[in-house]
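Chemist: quick one: sequence and predicted model below, then my questions.
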Amino acid sequence: MSSSFGFCMIFAACLALFFSAFTLAAPTSDLEKRDYSGRATYFYVGLGSCGQTNIDSDYIVALNPTTYAGGAHCGKKIQITDNSGNHAVATVRDTCPGCSSGDLDMSPSLFKHFESLSKGTFEVEWEFL
């Protein structure tokens, strides 16, 4: 009888180990790795909402007020991709009151990485790194 008890204990331990492996391998939260999409525009930079002065050649972005979250994302890096597959990494440095959720207002140099300034706007996808 003690051998069947030992077998049950080993079997239960193996099951627990098996199911815990699935828990440990769970993907990161959708909130942490959420993809955004929206419209890209550009602005001439200066003193941003994050409290730092930037220049037009910096790769920076401004986020809509909700995503900006009172500065919670200041200094964070994002990866931006356009519909042609071109991509760049930029830093959050400002807020864009006129932007909708997913929109990015870019420094001129960042915008020109993707399109000419005369285009004025284009579609992007992006995520926090």
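Modeler: Perfect, thanks for sending it. Residues are numbered from 1 along each chain as shown.

Chemist: so who does the nearest residue to residue 64 once chain neighbours are set aside touch?
Modeler: Of all residues beyond its chain neighbours, the one nearest residue 64 is residue 99 (4.0 Å), with distances taken as CB to CB, 6 or more residues apart in numbering. All C-beta atoms are positioned from the backbone trio N, CA, C, and that covers glycine. Counting by CB atoms under 8 Å, 6 or more residues apart in numbering, residue 99 touches 38-39, 41, 62-64, 105.

Chemist: what ranges do the helices span in the protein?
Modeler: 2-24, 65-68, 108-114 (DSSP state H).

Chemist: mean confidence for the shortest one?
Modeler: Averaged over helix 65-68, pLDDT sits at 96.

Chemist: all numbers from here: first residue = 20
Modeler: I'll keep to 20 as the first residue from here, and by that count the last item is helix 84-87.

Chemist: list the buried residues of that helix.
Modeler: Buried residues in helix 84-87, counting neighbours by 16 or more other CB atoms under 10 Å, are found at 86-87.

Chemist: what's in contact with it?
Modeler: 55, 68, 81, 92, 111, 114-116, 120-121.

Chemist: out of those residues, who's the most crowded?
Modeler: residue 81 (27 neighbours; other CB atoms under 10 Å).

Chemist: for residue 131, give its distance to residue 63.
Modeler: 13 Å (CB to CB, to the nearest Å).

Chemist: neighbour count: these two, which is higher?
Modeler: Remark: of residue 131 and residue 63, residue 131 carries more neighbours, 15 against 8, as counted by other CB under 10 Å.

Chemist: rewinding a little: generate CSV for the contacts of residue 118, with distance to residue 143 as supplementary columns.
Modeler: What follows is those, written out as CSV (distance: CB to CB, whole Å):
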residue, distance to residue 143
57, 7
58, 7
60, 10
81, 13
82, 12
83, 13
124, 11
